[in-house]
Structures are given as C-alpha cells and as structure tokens.
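Engineer: Sharing a model prediction with you, sequence too.
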Amino acid sequence: MSNEESVKKVLTLADVKTGEYGVIVRITGHGSFRHRLMEMGFVRGEKVKVIRNAPLRDPIEYEIMQGHVSLRRIEAQRVEVVPVTEEVANNYLFHGTITEETERILGKEGKRINVALVGNPNCGKTSFFNHATGMREKVGNYSGVTVDSKLGYFKYKDYTIALADLPGTYSLTEYTPEELYVRQYIMDQHPDIVLNIVDASNLERNLFLTTQLIDMNVPMVMALNMYDELEKNGDKLDLDTLSELFGFPIVPTVSSRGVGIDDVMAKIVDLYENLEESTKHIHINYGADLEKSIGIIKEEMREHLDLSGAYSTRYLAIEMLAGDKTIAALVDKFDDDGSVGKVAAEQRAQIEKQYHEDAGTIVADAKYGFVRGALLETYTQGKDKDKQPAYSIDKILTNRWLGFPILVFFLWFMFQMTFTLGAYPQEWLEMFFGWLGGVTSRVLPDGIVKNLLVDGIIAGVGGVCSFLPNILILFFFISILEDTGYMARAAFIMDKLMHRMGLHGKSFIPYIIGFGCSVPAIMATRTLENRKDRILTIITVPFMSCSARLPVYLLLISAFFAKHQGLILTFIYLLGILTAVVTSLVVKKAAFKNERDQFVMELPPYRIPTFRNAVVHMWDKSVQYLKKMGTVILVATVIIWALEYFPQHSPQIDAYTAQIEQVEADGAMPEAEKTAVIAQLELDRSACQIENSYIGRFGKFVAPVFRPLGFDWQMGVSLITGFAAKEIVVSSMGVLYHSDAEADENSSALQKSLQTHTWSSGPDAGKPVFTPWVAFGFMVFILLYFPCVAALTAIKREAGTRWMLFNIFYTTGIAWLAAFAVRLLSGMF
Ligand code: GDP
Ligand code: MG
C-alpha cells in the first residue's frame, strides 16, 4: 500500500448524495454525542448508504447495518466518511473490527489520530512534543507573544499521529488570548484525543484545568509529567484510583527525558480504537444549588437550541452560569429567541444573591473542591512538606482519629436539638389541634360531618402536623451542616465504613436525612453519580427510622418499659441501621456484582452559613413532606375514617343504642350513676361498631397473618393504616383500643387501655395482649415494614417500579421475620 495512493478524499456524511456510499472515518463532537451515534452503528469502518438526501431536506435518511436511520443535517456534518463506489461497497462487509480491507478503503485517513496537547505553562508540553515528533521546538517558558499551535506528525505503530502543541494555560476561560485560543481549538477542531499534560509536582493548580476539560466532555488521556519530581519529593499518588475517579487513563511521564511517551501513545491508540475499558464520562458535582441552576439552563437549551452534538450542553450551561461572555455569545447564535441567555442570567443572579459572591468564583471553588476531594483520596505528601495551610482545618476534621468522634458529636448535637427544641412547638400544636377539635365538636351538630371533621381530619392531620417542627428543625441543622461544607467531610470520614457496606461515602447524607423523612432522603441520593450506589441507598434509606415512627416507639416504651427506655430506643434505631447494612451487602452481591464504584467526593470550600440559605435549603427538603401531608395523609385519613365509620348499624350496635336510651329514660337511677353507665355503654358500642366496621372486618380477615407474631387484629389494622403514613398508626390505635376519642392527644389514656387490653377469644383468652415482648416485636415491625406511600412514590420515581415492588415485599417480609424472631426469643426467656 503506497502512501501516495492511500490519501483519500474525506467528506462529511451530509455531503454524500442520494444513492451513494461512504465508509466512516471519524465522528467529531462531544463525548455523549459520539457515544449516541456509536450506539446507532456509526463507527469507524462501517459503511453507510444514503437513501435520501435532497437539498434542504432534513433529516437525511441512511442505511447502516441493514437498517434505516435518519440523522439531522447538522448531525450528519459531524460524521466524516471516505466516499466509495457502489461496487466497492457491495463487496465490503464490516463486522465490527477493522480489517485490511477497511484499511485499504480508508487509507491514511483511517489511521490518523489528531491529538492536542493541553496543559499549564511549563508543565512540559513542548518537551513532550519534541520527543514524540523528533522536532526541535524551543523548550522553556512560553513567551505568550504569538498565540499559535505547532503541528507535528509522527508514526506510532501504523498510525499517523498529528500532534498539536497548544499554548500553555491555567484555565479555559476567556481572560487571556491563550485561554480563548485553546478553548476555541478544542471546540472547533474536535481533536480525536486531548492529551492533558499535568505537572505532578503542582497537582492542585494543574488539575483545575483538567476539571474544565472534564466539563467539556472530550476524550482524554492524562500524562502525569514531572513524575521524577514527585518521586524526588517523596510524594505518593495512587494513579490507579485517580484514573478510576477521573474516568480516563493516566500515564506517568518524564517528558524532558522522553520517559513514558510510548505508554502515552499506546493509551491514545487504545482510546481511539475504543479498546480502553477504564473510560467513563464523569460529572463534576457543583452542589445542589448550582446543579439545580445548571439543570434549568440545560432544559432551556434543550428546548431552544439545535447544537446537535457540537458542544456539550452541560458544559455550555456551566460556563453561562459562571458568566462567560464568549460562550454566551456562541449560544446566542444558536438560540431562536434569546431565552437561554435570559434564563442563564436569572440563574446567575439568583446564585450570586444567595452566596454574595461572583458566580464564576463559586463555580471555580466547586472545581477546586473536586480536585481537593480527588487528591485527599489518592495523594500523600512527602514527610517534610506542608503546602496546603488554607485547608489545614481539613486535617483535623478528616483526621483518622479525630474525625469520627467529631462527627458523632455533631450528629448527637443535631438530634438532641431536634427533639428538645422540637418538643415545645410540638406541644403547642397538639394543644391547638385539641382545642380545634373541641371547638368544632361543640359548634357542629352531631352527625357524619362532625365525625369526619373531628375524628377524621383534625385528629389525623393534627397528629401528623405535630411532627412538623421536629422535621423542620432537623432539616435546618442538616442544611447548616451542608452549607458550611462539613457534610462533605462527613461523607469523607464515612467513606471507608460505607465501602464495607458496598456503598459510597456520599450515601451517608441521605441516611442522615432519612432519620427525618425518607422522601427528601431518597431525593438526596441524586448526588450519587453511580446507579448502583443510588439504588442501594434508595432501597435501604427507609430502614433509617424516620421521625414519623418515633411516636409509636414512645407510646409503647413508656407504657411497657419502666427501665432502660433510652437503651431500647437506641437499640431500635441501631437495628434499622444494621438491617440497612445487611440488605445493602446482600443486594449488592445479588444484583450488582461487577460494577465499579469509585467517584470523587468533592470537598467544597468552608463557608459561613447564612440563616437565609439554611432556611431556603430546609424549605426545599420540607416541601415534599408538606405535600405528603396535604395530599396522601389527608386522603388516607379520610379513607381510614370512612372504613371505620361505616357501617353504622348492626343488630348488636342497635341493641346498645336501645339500652342507652332505656337508661336515659330511667327516672329511678341517680344522675351520677346514669352518666357513668351511659359512658360505659357508649364505649362498648363504639368498640362493637369498630369491630363491625369494614376495617374491623378486614383486620379480622388478615389477623391470622399477625397471630404468629402475637399481634391481635387491632394491631394488624393499625399497621395497615400505617401504609398511608406511619404517623397514623398511633391515632389508629387510639381509635381501635377505644381509649377515647382524644386518645392521640392524651397518650396516657391510650397507654392504660393498652396495658389492660386482653385477648377476647382463642387460647390466650383473658390474658393481656401486650407484654413487653409483644410491644418490642411490634416496634421492630413498625421499624422495618413497608415504607409509607409517599416514600414508595419517591422510590418509584427515582429507581423504577421494579425496585419499588422489591422494596414493598422485602421490607414487609423482613419485618415479619424479625417480629417472629422476637416472638421466639420471648418464649426462651
Ligand atoms: P511547556 O511550557 O509546557 O511547553 O514546558 P516545556 O516543555 O517548555 O518545559 C518547561 C521546563 O520543564 C523545561 O525546563 C523542561 O526541561 C522541564 N521539564 C519538562 N518535563 C520535565 C520532567 O518530566 N521532569 C523534569 N524534572 N523537568 C521537566
Ligand atoms: Mg511550550
């Protein structure tokens, strides 16, 4: 194959005419676009026939791999092909691998890799370039006078590498001509591979540029240059982990001596041929606020821009949010009505108002947070040096010995504050709803409306409302911990432990939120990049005992355990955590065997939290909870009320009514006695009514399921009403054990009736239903079973129906088994 003949004409797919053929040479565009086209079959060496390409017609129709696909014209312009005749095309079959035949057709073009050298000034780009190309460019400080790139060609194996030595830059923004030039080069020339040269003796500053390349989503190989310096300093860098965290290959080099250049080339070829398995595209996580804004800008872009693969929308959104004018102007050219610019400006203004800082600085801070997180995990400094005084506080907070006790202290403090501070407003709310119920029942005439309002809505929603202060306070503290940047450190400290569970350090934050309410906790898993981590966290979060279950524990513990109350409560919480650990390990083994799970944990800068931000973030988390109260809980309360209320008549109930009327009419009985007798009769009547109601009948129907656990049908029904929301369990028990109508406002009445409640039939007839063991088993069941409807809806939305169904059956099954185990244990003592 002679070189002269093998130089082929290259067209873009958009320029090939109807009925003609081409063989694909390369696809330009950002990473996910290339990926999408590859999935459609557009890979190097594949042949394409143009089915219909009329001028001005969009989209264009192609035949590829025996199937028809259409591409929009601007997409087709990103696919470069060598045109071939029909005869050649008919004799050529591509089987997914490059053959000699492919090479003959593509000629030199098929073996040419365009590589761009990008890095800080003086990191050794030109030395690399000279060694690789054999050219003699001047090595030393880049003068910065001419902003230009040197292009050199050389052979590596049978590939021609076109290597561009770009000017050195610290960043890819728009502040210097060099920066603009390099960025423009990458965005317009679409090099096949960006070779990021990094000065290993100055990682933090050098990796900042890397974060921008990651945002741009370009195929990348990193040369970790000056590796000799790193070793001389006694520093250590875990290259394998770093490479896994970043999602691209990293090769150590000493480019002044030409060490490692062949290894870099080998990686470049592998990446070009899609043989490099370690690659994945990662996102730098900018934190909840910025990510929300980025999402909004991207959404606007999706509606108004037609970029089709030229640029990553995420990248453009980040730069617009940071206030980059050049990118804004570029986007505006594609924008049909200028709305993207407007939305971006709005988001930027909002972020700046919230943080009192320039948006560009906030974005840059987040990038440094990413770099610091990656380095904290992989980099150990030589003994005698101490280069990062600015974040020395991290040395304490993430210290191997101090970090954990500090974390435990903060968490203890947070929960302590939540429940002590929360007790006051909780009491006020309970008083308010008690008063409201009283007034309503005095004002309204007896009947169904009054009953619905007082026993249904006010009692049900009121009971739930009284937890609101706890939830708000907990979320307020969590928001403060997040806003200061401490939560990220907490995730870091927990990472090792969480890894043992097959989880990621970042799962720790949803777990903590889960003690408040599962719904925002499940939403908070969105910061986890990896689907495996997300799913595992989502399905185990409900085992973190949410605050709605607490009143059930409090009721039973104070009724049946005189001593060690705190210990028992702690044990329940720990049991939940243990179940989460075991579940996570088992599910990981069963469902996600081969998934890799290394991600950078960003260490955002420490900030003084502002009250306003903490409130905003608290509100974000609470909104879901409030929605649940306004909808699910309200509806469920009404349904449960109706199931309890109807039917109102049966021969037995009517008999009680008649008896009451008789007593009332009895002139001989003294007033005091009369009232007492009537009260007793009314209580008996309502017990009879509930037993006869739909829910009572249903409870009796399912009672055999709960019987082996030592639960009576009232407990079974209470558990079932907890499907709607766990808060409802206590008020259901209040009704079912007919202490009196306000039982949930006045627990002691309910406690008494629980203590004295006996089996009415069966082998245990006459014996008390509740023993400390039964109460304990019931708490265990409450802890583990079926999360509420709102949490399940969240699971479905975030993880899919399959995982939601899994969760329903798994949690309930585990709950039953655990309660049964408690029952068996009780027989042994
Ligand atoms: P550029 O600005 O990125 O093009 O960097 P140069 O290639 O001009 O190199 C800057 C300086 O670093 C020169 O003095 C090189 O000799 C030196 N240098 C380049 N690579 C290495 C290396 O791997 N180790 C050491 N110790 N010095 C290097
Ligand atoms: Mg140079």
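Structural biologist: Thanks, I have it. Ligands and ions are numbered 1, 2, ... in the order given.
Engineer: What residues does the chain have near ligand 1?
Structural biologist: By Cβ under 6 Å from any ligand atom, the residues of the chain that approach ligand 1 are 119, 121-127, 139-140, 142, 168, 225-226, 228-229, 254-256. For glycine as for every other residue, the C-beta is placed from the backbone atoms N, C-alpha and C.
Engineer: In ChimeraX, select just the buried ones from these.
Structural biologist: In ChimeraX syntax, the buried subset of these is picked out as below (16 or more other Cβ atoms under 10 Å):
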select :119,122,123,124,125,126,127,142,168,225,226,228,254,255
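Engineer: Now go through the residues of the chain next to ligand 1 and say which are in strands.
Structural biologist: Counting by DSSP state E, the residues of the chain next to ligand 1 place 119, 225 in strands.
Engineer: Can you name the residues that contact the residue in the stretch 701-829 of the chain positioned nearest to ligand 2?
Structural biologist: The nearest approach of the stretch 701-829 of the chain to ligand 2 comes at residue 798, 48.1 Å away (Cβ to the ion). Going by Cβ atoms under 8 Å, 6 or more residues apart in numbering, residue 798 touches 522-523, 525-526, 534, 538.
Engineer: Quick check: which ranges of the stretch 201-350 of the chain have low pLDDT?
Structural biologist: For the stretch 201-350 of the chain, the stretches with pLDDT under 70 are 308.
Engineer: Pull up the residues of it that are close to ligand 2.
Structural biologist: Applying Cβ under 5 Å from the ion, one finds that the stretch 201-350 of the chain does not approach ligand 2 at all.
Engineer: Can you show me the strands along the stretch 201-350 of the chain?
Structural biologist: All strands of the stretch 201-350 of the chain, identified by DSSP state E, counting those that start in this stretch, fall at 220-225, 236-237, 250-252.
Engineer: how about the strands of the protein, start to end?
Structural biologist: Under DSSP E, the chain gives strands at 11-12, 21-27, 47-52, 60-64, 67-71, 79-84, 112-119, 150-156, 159-165, 193-199, 220-225, 236-237, 250-252, 379-380.
Engineer: Which of the ones you listed has the highest mean neighbour count?
Structural biologist: strand 220-225 (a mean of 27; mean count of other Cβ atoms under 10 Å).
Engineer: for stretch 275-294, how far is the first residue from the last?
Structural biologist: In terms of Cα to Cα, to the nearest Å, the two terminal residues of stretch 275-294 are separated by 32 Å.
Engineer: where's the residue nearest to the spatial centre of the chain relative to residue 367, distance?
Structural biologist: The centroid of the chain falls nearest to residue 526 when counting by Cα atoms, centre = their mean (1.6 Å). Going from residue 526 to residue 367 by Cβ to Cβ, to the nearest Å gives 20 Å.
Engineer: With residue 205 instead?
Structural biologist: When distance is defined by Cβ to Cβ, residue 205 is 11 Å away from residue 367.
Engineer: which of those two has more neighbours?
Structural biologist: Applying other Cβ atoms under 10 Å to residue 205 and residue 367 shows that residue 367 carries more neighbours, namely 24 against 15.
Engineer: hang on, isn't that one packed against residue 213?
Structural biologist: No - counting by Cβ atoms under 8 Å, residue 367 does not reach residue 213; the two are 11.2 Å apart.
Engineer: isn't residue 290 right next to residue 351, touching?
Structural biologist: Yes - using Cβ under 8 Å, residue 290 is in contact with residue 351, at 6.6 Å.
Engineer: Mind listing the shared neighbours of those two?
Structural biologist: Counting by Cβ under 8 Å, 6+ apart, the shared contacts of residue 290 and residue 351 are 321, 362.
Engineer: Tell me which residue of the stretch 301-450 of the chain lies closest to ligand 1.
Structural biologist: Proximity of the stretch 301-450 of the chain to ligand 1 (Cβ to the nearest ligand atom) peaks at residue 382, 15.7 Å away.
Engineer: To clarify, my last question referred to the stretch 551-700 of the chain.
Structural biologist: Counting by Cβ to the nearest ligand atom, the stretch 551-700 of the chain gets nearest to ligand 1 through residue 600 (25.3 Å).
Engineer: hang on, that residue packs against residue 376?
Structural biologist: No - Residue 600 is beyond contact range of residue 376, at 9.5 Å (criterion: Cβ under 8 Å).
Engineer: what stretches of the stretch 601-750 of the chain score poorly on pLDDT?
Structural biologist: 738-749.
Engineer: For the residue in it that ligand 2 sits nearest to, which non-adjacent residue is closest in space?
Structural biologist: The stretch 601-750 of the chain approaches ligand 2 most closely through residue 602 (31.4 Å), counting by Cβ to the ion. Nearest residue to residue 602, sequence neighbours excluded (Cβ to Cβ, 6 or more residues apart in numbering): residue 369, at 4.2 Å.
Engineer: ok, now which ones touch that neighbour?
Structural biologist: 488, 602-605.
Engineer: Among the residues you listed, which are located in helices?
Structural biologist: Counting by DSSP state H, those place residue 488 in helices.
Engineer: Any idea how many residues pack against residue 752?
Structural biologist: For residue 752, the neighbour count with other Cβ under 10 Å is 14.
Engineer: For residue 708, see how far away it is.
Structural biologist: Taken as Cβ to Cβ, the span from residue 752 to residue 708 is 27 Å.
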